[in-house]
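>>> prediction below, plus the sequence it came from.
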Amino acid sequence: MVFLYHNRKYWRGWLPDYVIQQLNEFHTGVALFFVLSGFLIAYTYADKPLASKKDYLKYLLIRFCRIFPVYLLILTISYWDTGFPAANLIVYNYTLLKGFSDKYNLNGLPQSWTLTVELCFYILAPFIYVQAQKSISKTMAYLWLLTLLSLGIGYTWHSINGNPGKWLYDALFIFNGTFFGRFIEFFSGVLLAIFLKKKIVSDTVPKKRYLTFLSSFWILAAIYAISCFEIDTYDQGTQHLTGLIIRNLILPLFICTFLFSLITERTWLSRLLSTRVAVLMGNASYIFYLIHIGYVNRRIAAFHWLNDRNFILLWLIAIVTYLVVEKPVYDLARKQIKRW
């Protein structure tokens, strides 16, 4: 979905406008990823990282080792080839602080703004999980307070000196590009994990027929609804309040239902996603995400270009890089951290 979203501009003129309008909203693939991330982290780790300060630190180090090695490698290669930018941009990109700025968040590897969002969730996830089991409403209140705090910082900064770096500014950026505005997606996944764990323990997991089909339909309907608020084919529905509300508040519910259906209902889709090829692509998807636009994609395009916009070639490169670089490095780091 995200690949199609980023390449839609090349198909304007020969694809019908109504198709382009739908592709304009395929950024919602990121929403699916955020919900899935919330579910997996909560289901895998639960409250274990909070057993001690050391356990929490080990949990964070393992998560950081999942994200940073390949990201920093690609970023460094790109700078080495094209030239290093100003010192402040180097700091913002290497630390991922850039994700808190509407001015710098697309700098370096542009798609990596989502890594800042993801890291914010990793830091808070164990606390969210524990608090949500006590009170969902209080947890929601705490997270909304974080949203208000981020808005307050950004707008106060703007009132003082104009906030030239657009740090945590403005509201549209907060709700589109930061954890503080998109926590609902992660929180929905956490709640799904809590619900499923309780049902598994009590052996009362509900099973519904055709839920995969219905939830898929609801997701597509939500995407279509968001597209209805576009002014033209160069616009996005999430640039407008109603479209933003559908993406941030309503779509996560449909995604949770979809994930639940994949877990509990045996369909051709669940079987397809369980194949070795699909699992391998899932493991390599992080690298695909890092190379499908930006520096690596440009270098490959300059060398060789296929009519599928190098979709298959990019996947092959991602899979090889995962097997040769990412997996060995991550496995070694994880083993050393757990032994510590």
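Thanks, I have it. Numbers count the residues shown, from 1 in each chain.
>>> regarding the protein, what is its longest helix?
Assignment by DSSP state H gives helix 53-82 as the longest helix of the chain.
>>> what residues sit buried inside that one?
Residues 56, 58-63, 65-68, 70-71, 74-75, 78-79 are the ones in helix 53-82 that count as buried (16 or more other Cβ atoms under 10 Å). To be clear about C-beta, it is placed using only N, CA and C from the backbone, and glycine gets the same treatment.
>>> hmm, who's touching stretch 254-261?
Outside stretch 254-261, the residues that touch it by Cβ atoms under 8 Å, 6 or more residues apart in numbering are 31-32, 35-36, 39, 185, 188-189, 191-192, 196, 208, 211-212, 214-216, 218-219, 222, 267.
>>> out of the residues you listed, list just those in helices.
Cross-referencing those against helices under DSSP H gives 31-32, 35-36, 39, 185, 188-189, 191-192, 196, 211-212, 214-216, 218-219, 222.
>>> next one: Trp315 from Tyr289, what distance?
To Tyr289, Trp315 is 11 Å away according to Cβ to Cβ, to the nearest Å.
>>> Thr267 now?
26 Å.
>>> same check, this time on Leu151
Taken as Cβ to Cβ, the span from Leu151 to Tyr289 is 28 Å.
>>> more neighbours: these two, which one.
Higher neighbour count among Leu151 and Tyr289: Tyr289, with 21 against 18, using other Cβ atoms under 10 Å.
>>> for that one, which residues are in contact?
Tyr289 neighbours (Cβ under 8 Å, 6+ apart): Val2, Gln111.
>>> just the pLDDT for it.
On the pLDDT scale, Tyr289 is placed at 97.
>>> and it, what element?
Assigned by DSSP states H and E, Tyr289 belongs to helix 276-291.
>>> give me the angle between that helix and helix 53-82.
In terms of direction (axes from the mean of the first three to the mean of the last three Cα atoms, to 10 degrees), helix 276-291 departs from helix 53-82 by 60 degrees.
>>> after helix 276-291 comes which helix or strand?
helix 295-303.
>>> that next one: what's the following helix or strand?
helix 311-321.
>>> remind me what that next one packs against, helices and strands.
Helix 311-321 sits against helix 276-291, helix 295-303, with contacts defined as 3 or more Cβ pairs under 8 Å, 6 or more residues apart in numbering; DSSP states H and E.
>>> give me that answer again for 7 Å
helix 276-291 (3 or more Cβ pairs under 7 Å, 6 or more residues apart in numbering; DSSP states H and E).
>>> what's the angle between the helix it packs on and helix 295-303?
Going by the same axes, to 10 degrees, helix 276-291 makes 90 degrees with helix 295-303.
>>> returning to what we had before: now the contacts of stretch 254-261: which count as buried?
Among the contacts of stretch 254-261, those classed as buried by neighbour count (16+ other Cβ under 10 Å) are 31-32, 35-36, 39, 185, 188-189, 191-192, 196, 211-212, 215-216, 218-219, 222, 267.
>>> count of neighbours near Lys103?
The burial count for Lys103: 15, using other Cβ under 10 Å.
>>> just Asn297 next, same as before
Asn297: 18 neighbours (other Cβ under 10 Å).
>>> before we move on, what about the one 5 residues further on?
Here the number of neighbours of Ala302 (other Cβ under 10 Å) works out to 8.
>>> check Ala225 too.
Ala225 has 17 neighbouring residues, counting by other Cβ under 10 Å.
>>> same question for the longest helix of the chain, mean pLDDT?
The average pLDDT within helix 53-82 is 95.
>>> which element follows it toward the C-terminus?
helix 87-95.
>>> give me the helices and strands touching the helix or strand following that following helix, please.
Toward the C-terminal end, the helix or strand that comes next after helix 87-95 (DSSP H and E) is helix 113-134. Judged by 3+ Cβ pairs under 7 Å, 6+ apart, the packing partners of helix 113-134 are helix 28-45, helix 53-82, helix 136-161, helix 179-201.
>>> now do helix 113-134, average pLDDT.
97.
>>> which residues are contacting it?
Under the criterion Cβ atoms under 7 Å, 6 or more residues apart in numbering, residues 30, 37-38, 41-42, 45-47, 49-50, 56, 60, 63, 67, 71, 96, 99-100, 105-106, 138-139, 142, 177-179, 182, 186-187, 190-191, 194 lie in contact with helix 113-134.
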